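*Asks:* Structure for this input, please:
(2 chains)
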There are 2 protein chains.
Amino acid sequence: LQEWWTNVRLFLVNAYEMGRSDPRQFIFAAKSGLALAIVSVLIFFKEPFTYITQYSIWAILTVIVVFEFSIGATLSKGFNRALGTFSAGVLALAIAQVSMWAGEWQEVVIVVSIFVAGSISSYVKMYPSMKPYEYGFRVFMLTFCIVLVSGTSHFVQTAVSRLLLIGVGAGVCLIVNICVYPIWAGEDLHKLVVKNFRGVATSLEGCVNNYLQHFGYERIPSKILVYQALDDPLYSGYRSAVQSTSEEDALLGFAVWEPPHGRYKMLRYPWSNYVKVSGALRHCAFMVMAMHGCILAEIQASAELRNMFKNEIQKVGTEGARILRELGSKVEKLERLSPDVDLLEKVHEAAEELQMMIDQKSYHLVNSEKWAPGRQPKEFEDPDRFQELKEDEIKPNVINSLSEANLNLNPKPPLPYKTQDRNVPNMSAHPSMVHWGSSEDVLKNQTHWPSRLSILGDTILNVREVRTYESASALSLATFTSLLIEFVARLQNLVSAFEELSEAAKFSEPVNPLEVK
Amino acid sequence: LQEWWTNVRLFLVNAYEMGRSDPRQFIFAAKSGLALAIVSVLIFFKEPFTYITQYSIWAILTVIVVFEFSIGATLSKGFNRALGTFSAGVLALAIAQVSMWAGEWQEVVIVVSIFVAGSISSYVKMYPSMKPYEYGFRVFMLTFCIVLVSGTSHFVQTAVSRLLLIGVGAGVCLIVNICVYPIWAGEDLHKLVVKNFRGVATSLEGCVNNYLQHFGYERIPSKILVYQALDDPLYSGYRSAVQSTSEEDALLGFAVWEPPHGRYKMLRYPWSNYVKVSGALRHCAFMVMAMHGCILAEIQASAELRNMFKNEIQKVGTEGARILRELGSKVEKLERLSPDVDLLEKVHEAAEELQMMIDQKSYHLVNSEKWAPGRQPKEFEDPDRFQELKEDEIKPNVINSLSEANLNLNPKPPLPYKTQDRNVPNMSAHPSMVHWGSSEDVLKNQTHWPSRLSILGDTILNVREVRTYESASALSLATFTSLLIEFVARLQNLVSAFEELSEAAKFSEPVNPLEVK
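*Replies:* Got it, this is the predicted structure:
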């Protein structure tokens, strides 16, 4: 019982926190309580007319079903309900007329028509383009059955009083929902897109910084391995942008129902363009995801190599994140890009610098000494110390275990070593020692591929294979930079989508073009 | 009108096709029609008791709301409905009692309690862990209001007849749904996971093959750029695997409600492990997505370079796809991995070969001649012809336009050229000429970054920058192979997740271990 009570308290605290972080949820709850109370008052007042009390359920049902969080959702459900009720009412009245001619077969006609109507509407509502009207089909079936079953004598009275009370319910819903602190789905969609921009920017910065600081997961959280939500800013930033498709589609479905309002003063506001911009952002986020994959990977570039390209990579990352934030805030403020500033210029410059740097130093990216033995870089001055250092911390697991296995292996230094660049904080946690494992014991029994080498090491390994992994580790930097550059290339697509949106939605000109950089 | 009629015909044909491709949808439609018809017959029979006719709506409403596609969904909705109705009924009766003591304040007490109950349940149902019970809260509100409003004199009668008729409706739903061709959500989940395995395998093969055949999109479909659905097997394979998270979660939510059935003879069947396997598959699929990104990219490796590594890349791709298919069919057949065969051995071998090949030929991946001018590959025997050929078709757009601009540029051949390897089919469609554009004119105005160079070429370009792009194109191959190797590394994680599933779900031993390879 103690435990139960703790759980209840925890639940209450969390529920309160939920409302505090988004007060609209308190407001929504109060609004829906208000709508229900109003409807019940109306029904009390009308008590003299007994048949209204009998059908009062319709008004209450309508309020409960139609009252949704956003105005768009309420309107679309209300429309569904009205259309479903009306068409079902007409059809049912017609069939009731037919059934009366059928004389003693009346019941059979009614039951058969219920079967047929129920089957057809169940079938059609599964058709993909009918999905948004699913609720309408349910209402259709309900009304159809009720009208036919309610006894042949007062079809018209049933249908009319139903319609009347549904009208009352829907009217109360709309009035309360629109007049009391309206919550618009379009605004939510807008905010979601802005949030995605910020999330991807944070992820990008995090990826680049972690990569440069040689950050490695001690154990990769198993939730990442099976792509579940996790509270890691680096991961959750791009994940939520990638995952928000269904939420965006739902909000889009509601937003198109909403009349012009607030800052969106336009008939047929181009909400779908927001979704398109978000899709283009997602296309960029996939590259961030792949870069994160480089951090998760077992084969990692050495810290020296990363330091060599540090400034260039850092610059591209910072510029890329800046552009995402800039676009995000442009979307937020409904502002166009200023025409006289080329937003992408700086990031393209930075990417070109990185590319040139890679080009100049490309011999670092492959195990050069193998085929150009005379071209050892000059910085490599103290081979003994380097060797020692390498055995202590730079060498990956694999090689350590090989040395222990007395394979008479004297690994050649595959990468140039710069002493002046050793300002990396957590060198001792070398990412090659990352274990793909789970802190929650859900994925046990993980002997992984490159580390398998060390297990089988005694028998099959030879120098050649070890060097293979060394060269792979150097290429891993090339991969990271390629992905980064591809990310930059995809930004163009994002900017195009944004420009199209700003055109279609008639964004305002930037207020102060000089301030915008 | 003509057009309208065409649309209607098209709709009917499509709707019929939908049912033909999955006949369960016909069956579901017929079943729900049947359930409705049975309920309406029951209500006709009981017509002597007038109060039942008055409340017949409850039975019909229950059938319409509770009858869902799969058994799990029906059970979970039925449970929600029962719990909501029952708790609301009890609470409403208690409050009605209190309100009677209140004397003339009775109405006020009732309206206030409706407001409070409506607000609280609207609020709690938005709490994330309460989402599956959202429907239950609606039912709670409905019953609560109905019982309180329906007039103080026959609270008990209202509550009892409601419960009775809801029981009738729910009973009919369950009987029809379970006895007539049952549709299980768990089976759907199972099939969805298998389908994802196949989809990713197809995408992987497609990526590798297209990459090796130097396939380039003439124009990249704009739907890919904004991550919308598109009927391209390469793209839709991994996209549907990545996108299926929400569908999986929904099916999982229903599957846990289902009793043991068919091949899943086990209480508390580990459905969540299927979702976990699918998540691990998704983790692999992200690498396929990144490889697809290499195909979409503008900077592409030359055909020569691809041919050089063709066999190795092909082998890794084929083996990887084979493993995915193998695991998929193991999941489908509910079979364990055979303990004496190491599933991943071959793909690891292939990946190691590829890695070694890369290592040996790494000088092809960087523009080597710059820092090792004496080391021009021997195969390069006819410089004049090569030069000519290069200008005709191998050189990317950028360089062509530069030559035209008379920049006095004499590009050095950055890559070795093997005449004997020229068996690539569509060489003339060089991917560097890919235009990021849309066949649907939705993303116009696309001047893209590397091609921007050719626009600005007259003024700023110099030989150094051109060579930068050449080296970038060589590194693009390194990226592709790195991603492929990372994909292979992630397979281990997938196999672990599968083994965990096969353990938890007590999969059978493989029937013929000799046949399984």
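*Asks:* At which residues are the helices of the stretch 101-250 of chain A located?
*Replies:* Under the criterion DSSP state H, counting those that start in this stretch, the stretch 101-250 of chain A contains helices at A:106-124, A:134-149, A:155-179, A:185-212, A:222-225, A:233-243, A:245-255.
*Asks:* so what secondary structure elements neighbour the second one?
*Replies:* In terms of contacts (3 or more CB pairs under 8 Å, 6 or more residues apart in numbering or on different chains; DSSP states H and E), helix A:134-149 is packed against helix A:71-101, helix A:106-124, helix A:155-179, helix B:24-45, helix B:50-66. All C-beta atoms are positioned from the backbone trio N, CA, C, and that covers glycine.
*Asks:* that older thread, which of the helices of the stretch 101-250 of chain A comes out lowest on mean pLDDT?
*Replies:* Ranked by mean pLDDT, those bottom out at helix A:222-225, with a mean of 73.
*Asks:* That helix packs against which elements?
*Replies:* Packed next to helix A:222-225, using 3+ CB pairs under 8 Å, 6+ apart, are helix B:271-296.
*Asks:* got the angle for the helix it packs on vs helix B:71-101?
*Replies:* Helix B:271-296 runs at 120 degrees relative to helix B:71-101, counting by axes from the mean of the first three to the mean of the last three CA atoms, to 10 degrees.
*Asks:* For helix B:271-296, list every residue counted as buried.
*Replies:* Within helix B:271-296, the residues that qualify as buried are B:271, B:273-296, counting by 16 or more other CB atoms under 10 Å in any protein chain shown.
*Asks:* filter the residues you listed down to the ones close to chain A.
*Replies:* B:275-277, B:279-280, B:282-283, B:286-287, B:289-290, B:293-294 (CB under 8 Å from any CB of the partner chain).
*Asks:* Measure how buried A:Ile60 is and give me the count.
*Replies:* Residues lying near A:Ile60 (other CB atoms under 10 Å in any protein chain shown) number 26.
*Asks:* if I pick it, what's in contact with it?
*Replies:* A:Leu36, A:Val39, A:Ser40, A:Ile43, A:Gly169, B:Leu142, B:Cys145, B:Ile146, B:Val149 (CB atoms under 8 Å, 6 or more residues apart in numbering or on different chains).
*Asks:* swap in A:Cys284?
*Replies:* Here A:Cys284 is in contact with A:Val200, A:Leu324, A:Phe487, A:Arg490, A:Leu491, A:Asn493, A:Leu494 (CB under 8 Å, 6+ apart).
*Asks:* before we move on, the earlier item: between the contacts of A:Ile60, which has the most around it?
*Replies:* That'd be A:Leu36 among these, by other CB under 10 Å, with 32 neighbours.
*Asks:* Check the gap between A:Pro182 and A:Val98 for me.
*Replies:* 45 Å (CB to CB, to the nearest Å).
*Asks:* neighbour count winner among these two?
*Replies:* Remark: of A:Pro182 and A:Val98, A:Pro182 carries more neighbours, 16 against 13, as counted by other CB under 10 Å.
*Asks:* residue contacts, the closest residue to the more buried one other than its chain neighbours?
*Replies:* Leaving out its chain neighbours, the residue that sits closest to A:Pro182 by CB to CB, 6 or more residues apart in numbering or on different chains is A:Ile71, at 5.6 Å. By CB under 8 Å, 6+ apart, A:Ile71 lies in contact with A:Asn177, A:Ile178, A:Pro182, A:Ile183, A:Trp184, A:Ala185, A:Trp257, A:Glu258.
*Asks:* do the same with A:Val488
*Replies:* Contacts of A:Val488 (CB under 8 Å, 6+ apart): A:Val316, A:Gly320, A:Val347, A:His348, A:Ala350, A:Ala351, B:Trp449.
*Asks:* Surely it is within a strand?
*Replies:* No: A:Val488: not assigned to a strand; according to DSSP: H, G, I helix; E, B strand; the rest coil it is helix.
*Asks:* so what's it scoring on pLDDT?
*Replies:* 85.
*Asks:* With A:Leu456 instead?
*Replies:* At A:Leu456, pLDDT is 39.
*Asks:* And A:Phe144, how far from B:Ser222?
*Replies:* 43 Å.
*Asks:* if we can go back for a sec, tell me the two of the contacts of A:Ile60 that are most distant?
*Replies:* A:Ile43 and B:Leu142 (13.8 Å; CB to CB).
*Asks:* I'd say A:Ala82 and A:Arg162 touch.
*Replies:* No: contact status for A:Ala82 versus A:Arg162: not in contact, 11.5 Å apart, counting by CB atoms under 8 Å.
*Asks:* Looking at those two, which is more packed in?
*Replies:* Neighbour comparison, A:Ala82 and A:Arg162: the larger count goes to A:Arg162, with 23 against 18 (by other CB under 10 Å).
*Asks:* For burial, what's the neighbour tally of the closest residue to the more buried one other than its chain neighbours?
*Replies:* Spatial nearest neighbour of A:Arg162, excluding adjacent residues (CB to CB, 6+ apart): A:Trp58 at 5.3 Å. For A:Trp58, the count of nearby residues is 23 (other CB under 10 Å).
*Asks:* do the same with A:Pro23
*Replies:* 10.
*Asks:* Contacts only, for it.
*Replies:* With CB under 8 Å, 6+ apart, A:Pro23 has no contacts at all.
*Asks:* per-residue confidence for A:Ser32?
*Replies:* 87.
*Asks:* right, and it touches B:Ile120 too?
*Replies:* No: with contact taken as CB under 8 Å, A:Ser32 and B:Ile120 are classed as non-touching, separated by 10.3 Å.
*Asks:* No further queries at this time; thank you.
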